[in-house]
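K.L.:
turn this into a model:
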Amino acid sequence: MTHYSKRVVIAHWFTLLLLVAAYFLGEEAAEARETGEALGVSGASIAQYVAHSLAGGAVVILTILRLFFRKTDGVPAPIGKGFMDKVATGVHHALYLVLFLLPFSGMMIVLNSPIAKAILGGDPTLLPIKFHGSPAHELHEILVNVLFVLVGIHIVGALKHQLLMKDGLISRMWFK
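P.N.:
Numbers count the residues shown, from 1 in each chain. Got it, this is the predicted structure:
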């Protein structure tokens, strides 16, 4: 086996798209919340929180499916066995962990704040103006930054293989 299965490839790239969407939806909600802060209300809408939450939930589902597909479809053999290959494996494991923890911390924010009441009641006035002092929100923001670092390392590693080593590693995670 020289390439990942089509299902793993689709899950990989669709997860990336959902992460980008979730990030921008979350940033938009935060900016709207802060804009309304001067008026003593949250400027964010229920739709923004729902869209952000759905994207995060879809990331978890795709991550589970991706792990399942990797197990059932198999994976290509590692390219090497050196130190950097161990680092790459660690980065991949950390990425999977963050892809679970990030939506979980988001769920904790919803469950431990007025967001759930606002969504269930359809009342945007219940949306929080600030999240200061919310451990789940602080963890969520830290995990977003950790994700950025891990994705950056992941991209640099892929580019190193493609441009310097010229071993075709990127083609393994692309459509045949």
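
K.L.:
so how far is the lengthiest helix in the chain from its chain's centroid?
P.N.:
Ordering each helix of the chain by length in residues (DSSP state H) puts helix 6-37 first. Distance, stretch centre to chain centre, for helix 6-37: 7 Å (C-alpha atoms, centre = their mean, to the nearest Å).

K.L.:
before we move on, what about stretch 97-104?
P.N.:
On C-alpha atoms, centre = their mean, the centre of stretch 97-104 falls 7 Å from that of its chain.

K.L.:
now the residue nearest the centre of the chain: how far from T72?
P.N.:
Centroid-nearest residue in the chain: L19, 4.4 Å away (criterion: C-alpha atoms, centre = their mean). To T72, L19 is 24 Å away according to C-beta to C-beta, to the nearest Å. In this view, the C-beta of every residue, glycine as well, is placed from N, C-alpha and C.

K.L.:
what does L147 give?
P.N.:
Counting by C-beta to C-beta - L147 and T72 are separated by 26 Å.

K.L.:
more neighbours, these two?
P.N.:
Between L147 and T72, counted using other C-beta atoms under 10 Å, L147 has the larger neighbour count: 18 against 10.

K.L.:
leaving out the residues flanking it, which one is nearest to that one?
P.N.:
V98 (5.0 Å; C-beta to C-beta, 6 or more residues apart in numbering).

K.L.:
which parts of the helix or strand harbouring F68 are buried?
P.N.:
Here F68, judged by DSSP states H and E, is contained in helix 46-73. By 16 or more other C-beta atoms under 10 Å, the buried positions in helix 46-73 come out as 46, 48-49, 51-53, 55-56, 58-60, 62-63, 65-66, 69-70.
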